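*Asks:* Provide a 3D model corresponding to the input given below.
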Amino acid sequence: MAESNLAQFEGQNYLSLETFRKNGQGVKTPVWFVLHDRVFYVYTEADSGKVKRIRNNSRVRVAACDMRGSVKGPWIDATARLIDGDERRAADKRLDRKYLLKRISNLFSPLRRSERAFIKIEPV
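*Replies:* Numbering: from 1, shown residues only. Just a heads-up that it's a prediction; the model follows:
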């Protein structure tokens with residue numbers, strides 16, 4: 001993965017995560033992310049469609065985007081997997097440092113019915 005492809009994410013708050021349905025159709029979703037050691041970390045609701053699609057097919061694509069999902073750079077092929085344990089805690093802390101609104105939403109997480117899932121995305 002060329003560093004120039006990752007440069008599009010510098011200073012960005014959102015990436016478009018494209019996951020794939022069983023029929024091959026892509027589903028694009030803007031998500032908060034943190035880039036650490038050339039790996040992306042994102043979080044979402046554990047029962048979300050993107051988590052189900054990643055469990056079925058680890059192939060994904062990512063690109064820098066705005067909060068509405070309008071892509072700002074080239075797509076990058078990647079693989080995604082759910083993480084837990086120390087890796088999950090480290091990703092959660094990195095995301096907390098980047099996003100004030102995430103830290104605020106953490107205060108209300110005990111009231112949430114759904115668990116969070118953390119996803120590691122590695123460019124290929």
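*Asks:* Show me what stretch 82-101 is in contact with.
*Replies:* For stretch 82-101, the surrounding residues in contact (Cβ atoms under 8 Å, 6 or more residues apart in numbering) are 13, 32-34, 36, 41-43, 51, 54-55, 102-103, 106, 117-120. All C-beta atoms are positioned from the backbone trio N, CA, C, and that covers glycine.
*Asks:* Pull out the buried residues from that stretch.
*Replies:* Counting neighbours by 16 or more other Cβ atoms under 10 Å, one finds that the buried residues in stretch 82-101 are 83, 88, 91-92, 95, 99.
*Asks:* The residues you listed in helices, which ones?
*Replies:* If you go by DSSP state H, the buried residues of stretch 82-101 have 88, 91-92, 95 in helices.
*Asks:* If we only consider those residues, which is nearest to Lys72?
*Replies:* Closest to Lys72 out of these is Leu95 (20.3 Å), distances taken as Cβ to Cβ.
*Asks:* now the closest one: how far from Arg61?
*Replies:* Per Cβ to Cβ, to the nearest Å, Leu95 is found 21 Å from Arg61.
*Asks:* circling back to that earlier point, from the ones in helices among the buried residues of stretch 82-101, pick the one nearest Ser70.
*Replies:* Leu95 (22.1 Å).
*Asks:* Just the mean pLDDT for whichever helix or strand Ala80 is part of, thanks.
*Replies:* Assigned by DSSP states H and E, Ala80 belongs to strand 76-83. In this model, strand 76-83 carries a mean pLDDT of 98.
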